[in-house]
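**Student:** curious how this folds, go ahead:
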Amino acid sequence: MALNDGIEIRLYRADQKWKSGRWQAAWNEMARHPAIECDRVEATKLWMHICVALRRWALGERFGKLLVEQAPEETCHWLYYGMCAEKNRGHQGRLDVYSAAVNHHPYDGWVHYSLAKAFCGLGRIEEGREALALALALDAEYLEYAMDQPVFSEIWEDFAEVEG
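**Tutor:** Sure thing, here's the model as predicted:
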């Protein structure tokens with residue numbers, strides 16, 4: 001069996017364990033094979049999923065950064081990266097990720113919504129207001145999400161103008 005075949009088998013086994021909710025077993029499967037490095041998107045993505053399931057936020061942030069370097073065009077990769085960065089470092093982590101994501105996805109409302117949430121969470125209200133206005137211009141659906149977020153409480157009066 002070629003080394004590459006062994007990697008494919010390990011990735012498959014780990015993926016099956018992850019999908020069945022056996023997250024620690026998936027982690028063990030990935031860690032067991034020294035050649036499973038994160039130079040392949042599918043391996044990095046699987047590591048990311050496992051980190052999220054196990055709530056290993058700092059490591060998840062590291063894999064998220066690697067994942068968006070490997071495939072920056074995939075918005076879901078930025079979502080996972082942003083979630084781990086926020087869980088690991090708070091609003092500043094979210095801001096760092098989505099400030100980079102906006103360069104790759106300038107017309108994605110979620111990216112601007114996430115920036116707005118980070119800005120407001122850091123007390124940078126005017127920047128948050130501008131980012132949220134752009135998110136709403138791209139997709140008005142984000143208004144519903146924003147109404148449920150206490151982080152936007154200082155700019156809730158702005159929403160009445162959007163709704164009316």
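**Student:** from residue 27, how far out is the residue nearest to residue 102 when sequence neighbours are not counted?
**Tutor:** Using C-beta to C-beta, 6 or more residues apart in numbering and skipping residues adjacent in sequence, the residue nearest residue 102 is residue 111, 5.2 Å away. For the C-beta atoms, the positions are set from N, CA and C on the backbone; glycine is no exception. Distance, residue 111 to residue 27, using C-beta to C-beta, to the nearest Å: 30 Å.
**Student:** could the C-alpha coordinates of the helix or strand containing the residue nearest to residue 102 be exported in CSV?
**Tutor:** For residue 111, the host element (DSSP states H and E) is helix 109-121. What follows is helix 109-121, C-alpha atoms only, in CSV (Å, rounded to 0.1, in the frame of the first residue of the first chain):
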residue,chain,number,x,y,z
GLY,A,109,-23.6,40.5,3.5
TRP,A,110,-22.5,38.0,6.2
VAL,A,111,-19.0,39.3,6.1
HIS,A,112,-20.1,42.9,6.6
TYR,A,113,-22.6,41.8,9.3
SER,A,114,-19.8,40.0,11.1
LEU,A,115,-17.6,43.1,10.9
ALA,A,116,-20.5,45.2,12.3
LYS,A,117,-20.9,42.8,15.2
ALA,A,118,-17.1,43.0,15.9
PHE,A,119,-17.0,46.8,15.7
CYS,A,120,-19.9,47.3,18.0
GLY,A,121,-18.6,44.6,20.4
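**Student:** ok now it, how far from the chain's centre?
**Tutor:** How far helix 109-121 lies from its chain's middle: 13 Å, per C-alpha atoms, centre = their mean, to the nearest Å.
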